[in-house]
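K.L.:
starting from these lines, generate the structure:
(chains A and B)
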2 protein chains.
Amino acid sequence: MSSIRDKVAVIGVGCTKFGELYDMTYEDQVCDAAFQAYADANVDPSEIDAAYVGTYLPHAQGGKAGISLADPLRLYDRPVTRVENFCATGTDAFRNACLAVASGQHDIVLVVGSEKLKDRPGRGIPRIGHQILGKGNTAPGLFALAANRYMHEFKVGRETLAKVAVKNHWNGARNQLAHFQMEITEEQVLKAPMIATPFGLFDCCPTTDGGAAAIVCRADIASRFRDDYVLVKGAALAVATGRPYFDPTFDYVGFRSTQAAAKKAYEQADLSPSDIDFAEVHDCFTWTEISNIEDLGFCEKGKAPGLVEEGRTRVDGDIPINPSGGLKSFGHPIGASGVRMIYECVQQLRGNCGERQVKDAEIGLAHNVGGPGAVSCVVILGQR
Amino acid sequence: MSSIRDKVAVIGVGCTKFGELYDMTYEDQVCDAAFQAYADANVDPSEIDAAYVGTYLPHAQGGKAGISLADPLRLYDRPVTRVENFCATGTDAFRNACLAVASGQHDIVLVVGSEKLKDRPGRGIPRIGHQILGKGNTAPGLFALAANRYMHEFKVGRETLAKVAVKNHWNGARNQLAHFQMEITEEQVLKAPMIATPFGLFDCCPTTDGGAAAIVCRADIASRFRDDYVLVKGAALAVATGRPYFDPTFDYVGFRSTQAAAKKAYEQADLSPSDIDFAEVHDCFTWTEISNIEDLGFCEKGKAPGLVEEGRTRVDGDIPINPSGGLKSFGHPIGASGVRMIYECVQQLRGNCGERQVKDAEIGLAHNVGGPGAVSCVVILGQR
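P.N.:
Residues are numbered from 1 along each chain as shown, chains lettered A, B, ... in the order given. Here you go, the predicted structure:
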């Protein structure tokens, strides 16, 4: 086995506004994100050798198979594959695009994630927020089981969770593409209606429409397209059981899939957690961000609440987490989220993020969870 | 771009009995196929570096995401990706497994296709046979539009189509894994109830449960596992529009996606159609096999009916088509079919097929269509 480190470069990215996009179809989102990426990469669509589309919930006339990308973009006579891996769909589509380039078979590969959740109430919201995921539980309820165990184990209160939401909304308020561009207070988080104890409304990410795109190519030809291309240092995915909550080995305080994926990604990149300048992590709930920080190796298990309390995960902290606003504020259109994380990492590495710019950002990490906890994907990107 | 030719080897394959598998779940099928492949490849499950699962119709508690393979096989802490590309799902999962190996990132990769269609009438049969695919039409109805145009254009009668069904049932009757292991007569085909003119019941492939698996690895380590490994010469996929029947450039006599995928696969393999000793092609309907023979370059457009009439596509002909029995007789559990084609090609290249063995089989081709006609994947396999 040889690492894909530095074999693949990201030369362009695109992202729609995230939110309630009543005026855009799934296909509109694909086109908006992809054409931004074409322009960003200085690539003509005819140069795309292959493509991957990440979408979780297929809908009647779109979102299934490779044609859900090929038809809106008129990208025919080449391979287009649909990848689906729960909420980690977007990063897995990106990871497979990287493998396709590293294989030598394809030079320039497009990745698009797109999801419509808001305007199809029969198939969107209920299937995520309210759908019975297992043994009578829902997504907030399942994550809450772990959050409660964690909070008991490490003596953490809801105030600490609330600080994650406040921080991510502060970042998102400075992000023109974010779903919720508003700051919130700790008091608002704590007084919000309860969804599944300990998660109130502001502890949960929203239901969002959106699309994002990235273009990757062989690193040795990347400078043809732009000088400030970003290198893929590592891209690893790991599955755990799809029923972690009913697995007797599950300790309820962290995700084995994230730990395994992070370990492999660091090995591929020949880097350690201390080399990472910032991370976009899967904060589907406030507690998840805290747990992720530990599972990704930024501190020991049980120590992330301290980092949060001390403000070290803010944009001006020593390990900024979710400078984009995260799922919490940017939103979470399932198949798009992972590609959106790549978008944010690239913009941070290029130094384009204004008030929420991470200082001296040279290595960024994107971390996407699906499942819950069943699958995690970690991508490490670096300036060349 | 460099070809994946001879970089990847198939070292093991497995396949369940295809049919009405009321006694097997989706997960049972995954396990049966995968453990056959492990044994066939002399590989221990712990040696699998990554996996791909091909399934089209997700069901409530399985068939979605990588865990639909990882959970039944307890294959954790490594990447497992679900690929979906309509009826070409299985070969696309195989193609992506080959790219993952060629990338250098993974040495040994498992591919499983599994689909339950028979025991979920609300989500299986109606969604395929009766589902409205577009503008009020169904799968048989859409393919029939093209078949009628073709039959008018090239002066072909239903008797020629019937000969495809008779031939494929003859082959399937000699295949212990096939769904329908019975010979039929031309008269039976012609007198069967009409489904969508010109397709009677026996012109249509059945609705089937089943699973199939393959294990691929780096060609340079394949001899560790078995001497008679098979080399991947080419694996190409091409998309056309998802609405070929409403595309004004569609000529209704062949599929652009197959023509494009075949061209690329031959280029990768540095082979021409005359080098192919036999082919497993996507005979979802009898006419489709005729059209495929031409689109794959085995003869000019309009000439395949002659090959069929002369018996040249039989096992003892000069270009045997679907020695397995094809979708027509072997059955068509969507995500499994493409991997099942790889299974048959490998068994033919090993010389294991008894009465339906193709003589001196050294190069085989698998061809999978989804869409209808929206996506095609062509894989070329050869003896080392």
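K.L.:
which stretches in chain A count as helices?
P.N.:
A:26-41, A:67-73, A:89-102, A:125, A:139-153, A:158-172, A:186-191, A:256-269, A:286-295, A:304-309, A:326-330, A:334-350 (DSSP state H).
K.L.:
show me what residue A:218 is bridged to.
P.N.:
Counting by DSSP bridges, residue A:218 is bridged to residue A:8.
K.L.:
would you turn the helices of chain A into a markdown table with mean pLDDT, distance to chain B and mean neighbour count?
P.N.:
C-beta coordinates here come from the backbone N, C-alpha and C atoms, glycine included. Formatted as a markdown table, those follow (pLDDT from 0 to 100; distance: least, Cβ to the nearest Cβ, whole Å; neighbours: other Cβ atoms under 10 Å in any protein chain shown):
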| stretch | mean pLDDT | distance to chain B | mean neighbour count |
| --- | --- | --- | --- |
| helix A:26-41 | 97 | 11 | 22 |
| helix A:67-73 | 94 | 3 | 24 |
| helix A:89-102 | 98 | 4 | 31 |
| helix A:125 | 42 | 18 | 14 |
| helix A:139-153 | 95 | 14 | 20 |
| helix A:158-172 | 98 | 26 | 24 |
| helix A:186-191 | 98 | 31 | 16 |
| helix A:256-269 | 97 | 4 | 23 |
| helix A:286-295 | 98 | 13 | 27 |
| helix A:304-309 | 98 | 22 | 21 |
| helix A:326-330 | 98 | 18 | 32 |
| helix A:334-350 | 98 | 11 | 29 |
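K.L.:
now tabulate those helices in CSV and tack on distance to residue A:360.
P.N.:
What follows is these, written out as CSV (distance: least, Cβ to Cβ, whole Å):
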stretch, distance to residue A:360
helix A:26-41, 23
helix A:67-73, 36
helix A:89-102, 25
helix A:125, 40
helix A:139-153, 32
helix A:158-172, 18
helix A:186-191, 29
helix A:256-269, 18
helix A:286-295, 20
helix A:304-309, 19
helix A:326-330, 21
helix A:334-350, 11
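K.L.:
now residue A:270, nearest residue through space, not along the chain?
P.N.:
Nearest non-adjacent residue to residue A:270, counting by Cβ to Cβ, 6 or more residues apart in numbering or on different chains: residue A:5, 6.6 Å away.
K.L.:
that neighbour and chain B, how far apart?
P.N.:
In this view, residue A:5 and chain B are 10 Å apart by Cβ to the nearest Cβ, to the nearest Å.
K.L.:
got a list of what the residue nearest the centre of chain A touches?
P.N.:
Nearest residue to the geometric centre of chain A (Cα atoms, centre = their mean): residue A:338, 3.3 Å. Applying Cβ atoms under 8 Å, 6 or more residues apart in numbering or on different chains, we find residue A:338 in contact with A:54, A:88, A:89, A:90, A:91, A:92, A:93, A:94, A:113, A:366, A:368, A:377.
K.L.:
next one: residue A:378
P.N.:
Under the criterion of Cβ under 8 Å, 6+ apart, the neighbours of residue A:378 are A:91, A:234-237, A:258, A:261-262, A:264-265, A:296, A:365-368.
K.L.:
show me what it is bridged to.
P.N.:
Counting by DSSP bridges, residue A:378 is bridged to residue A:236, residue A:367.
K.L.:
let me see the confidence value for it.
P.N.:
Residue A:378 is assigned a predicted lDDT (pLDDT) of 98.
K.L.:
for the residue nearest to residue A:115 when sequence neighbours are not counted, give its distance to chain B.
P.N.:
Nearest residue to residue A:115, sequence neighbours excluded (Cβ to Cβ, 6+ apart): residue A:333, at 3.8 Å. Residue A:333 is 17 Å from chain B, where distance means Cβ to the nearest Cβ.
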